[in-house]
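> Just the structure for this:
(2 chains)
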There are 2 protein chains.
Amino acid sequence: MALIDIIKQRKSTRKYLDKPIAREDIIKCIEAARLSPSADNIQPWRFIVIDDAEYKKKFCAEVLTGIFRRTRFIEKAAVIVVLVAKTHLIVHRIGKRVVKTDVQLLDMGISGEHIVLQAQELGIGTCWINMFNPKRAKKFLNLSSNYRVISLIAMGYPAEGGTKDRRDLSLEDIMFFNKDSRHRL
Amino acid sequence: MALIDIIKQRKSTRKYLDKPIAREDIIKCIEAARLSPSADNIQPWRFIVIDDAEYKKKFCAEVLTGIFRRTRFIEKAAVIVVLVAKTHLIVHRIGKRVVKTDVQLLDMGISGEHIVLQAQELGIGTCWINMFNPKRAKKFLNLSSNYRVISLIAMGYPAEGGTKDRRDLSLEDIMFFNKDSRHRL
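As a prediction, the model looks like this:
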């Protein structure tokens, strides 16, 4: 399958079949993330894979309360991958100081998306989740101060009606050549 | 080609052949980025494609000075894609306030990596560049206050010796199941 077809098929999946994901396939997804690029090859990413039903339930009860209740649907996902970044890495601190960009987040976006695309190729739906309580997640997972919980990726085989079509901006809205952007952005 | 093979072949490319990239192929890469997921589907990404030799030279002279001189090699890349984010989008402000994560950067990492992977499938090498002067880039590109320059992706056909092997962490270093991480992170 061409990459563009994987990309076109990918839609955020919010309803899942009650069907586990084989460990073998989970590992394929993490392997895809493992080989992704990062600033100065620092590889800040760590992935905590939650596929134990009981543990998943407890995790969701802890981190998806209050204003985060609207992402509770991921409790029904077969797997939740917790994206954790190792902090205090010199390159990221320089990034923040010198270029004012939290480069670590770019790296985490990149590696997480490798998971998403690899899952899609395997027929597994995913949903990036930013709306959760990261402090509580860190505490629940008992992470030391060098680690930071960045995001979650829910994974599961899509149920009927589990995805909906997006409205995407057109190429003309987002792509500019050379000086073309000067009067439009 | 399977996705994992595209991922395995991808290495940051720092020396390029003196060979242009067809507009058609550039557009394929931006199209791949266009279809990537973003928080609440807000699609903050804008891509300024610099493939005009004169304009590229001026851009590099402006944004790759001083401490940023070490990324000057991208002047020799056939194309530089400037990753620009539309700011002041409510979802990102909420993200920063509520979850303390600059969600926009995750989105930009995700979409940029779609460019990188699509380029790789087409045999085009890439290199993510964070070390440049974003203020000067914004001024040079004449962007309004609603836009922020996040990163650059250099693109070009790899010259001999243009890539080097990485040392990657092992799966055991980065992947943990359920409670396995508790005494290791």
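> use CA for all of it now, contacts and neighbours both
Will do.
> Okay, residue A:140 and chain B: tell me how far apart.
Distance from residue A:140 to chain B, counting by Cα to the nearest Cα, to the nearest Å: 9 Å.
> Please tell me how far residue A:142 sits from residue A:30.
With the distance defined as Cα to Cα, to the nearest Å, residue A:142 ends up 21 Å from residue A:30.
> neighbour-wise, which of these two wins?
Using other Cα atoms under 10 Å in any protein chain shown, the more surrounded residue of residue A:142 and residue A:30 is residue A:30, with 25 against 16.
> Three-state assignment for the more buried one, please.
Put simply, residue A:30 is helix when judged by DSSP: H, G, I helix; E, B strand; the rest coil.
> burial count for the closest residue to it other than its chain neighbours?
Distances taken as Cα to Cα, 6 or more residues apart in numbering or on different chains put residue A:115 closest to residue A:30, at 6.1 Å, once the chain neighbours are dropped. Around residue A:115 there are 24 other residues, counting by other Cα under 10 Å.
> what are the ranges of the helices in chain A?
Ranges of helices within chain A are A:3-9, A:23-34, A:53-63, A:90-94, A:103-121, A:134-140, A:171-174, based on DSSP state H.
> In CSV, please show the C-alpha coordinates belonging to the shortest one.
Extracted in CSV, the C-alpha atoms of helix A:171-174 (Å, rounded to 0.1, in the frame of the first residue of the first chain):
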residue,chain,number,x,y,z
LEU,A,171,-3.7,22.7,-0.7
GLU,A,172,-4.2,26.3,-1.8
ASP,A,173,-4.9,27.3,1.8
ILE,A,174,-1.8,25.8,3.2
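> by contact count, what packs against it?
Here helix A:171-174 touches helix B:23-34, strand B:45-50, going by 3 or more Cα pairs under 8 Å, 6 or more residues apart in numbering or on different chains; DSSP states H and E.
> OK, contacts around residue A:28?
Going by Cα atoms under 8 Å, 6 or more residues apart in numbering or on different chains, residue A:28 touches residue A:118.
> at 10 Å what do you get?
With contact set as Cα atoms under 10 Å, 6 or more residues apart in numbering or on different chains, residue A:28 has these partners: A:34, A:115, A:118, A:119, A:122, B:4.
> List buried residues within these.
A:34, A:115, A:118, A:119, B:4 (16 or more other Cα atoms under 10 Å in any protein chain shown).
> Looking at these, which is nearest residue B:101?
residue A:115 (19.9 Å; Cα to Cα).
> what about the longest strand in chain A?
Assignment by DSSP state E gives strand A:147-156 as the longest strand of chain A.
> and the lowest-mean-pLDDT helix or strand in chain A, how far out from the chain's middle?
The weakest-scoring helix or strand in chain A, judged by mean pLDDT, DSSP states H and E, is helix A:90-94 (a mean of 73). Distance of helix A:90-94 from the chain centroid (Cα atoms, centre = their mean, to the nearest Å) equals 22 Å.
> Stretch A:122-138 now?
6 Å.
> Return the set of buried residues in that stretch.
A:124-134, A:137-138.
> okay, those residues in TSV with distance to residue A:106 next?
Putting the buried residues of stretch A:122-138 into TSV (distance: Cα to Cα, whole Å) gives the following:
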residue	distance to residue A:106
A:124	24
A:125	22
A:126	19
A:127	18
A:128	14
A:129	16
A:130	14
A:131	18
A:132	19
A:133	20
A:134	18
A:137	21
A:138	20
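> Need the max-distance pair from the buried ones among the contacts of residue A:28.
Longest span within the buried ones among the contacts of residue A:28, Cα to Cα: A:34 and A:119, 14.0 Å.
> What count of nearby residues applies to residue A:166?
Neighbours around residue A:166, by other Cα under 10 Å: 11.
> Identify the residues contacting the closest residue in space to residue A:104 that isn't next to it in sequence.
Of all residues not flanking residue A:104 in the chain, residue A:92 sits nearest, at 6.0 Å (Cα to Cα, 6+ apart). Taking Cα under 10 Å, 6+ apart, we find residue A:92 in contact with A:39, A:40, A:42, A:44, A:98, A:101, A:102, A:103, A:104, A:105, A:107.
> Just give me the closest of those to residue A:73.
residue A:105 (24.6 Å).
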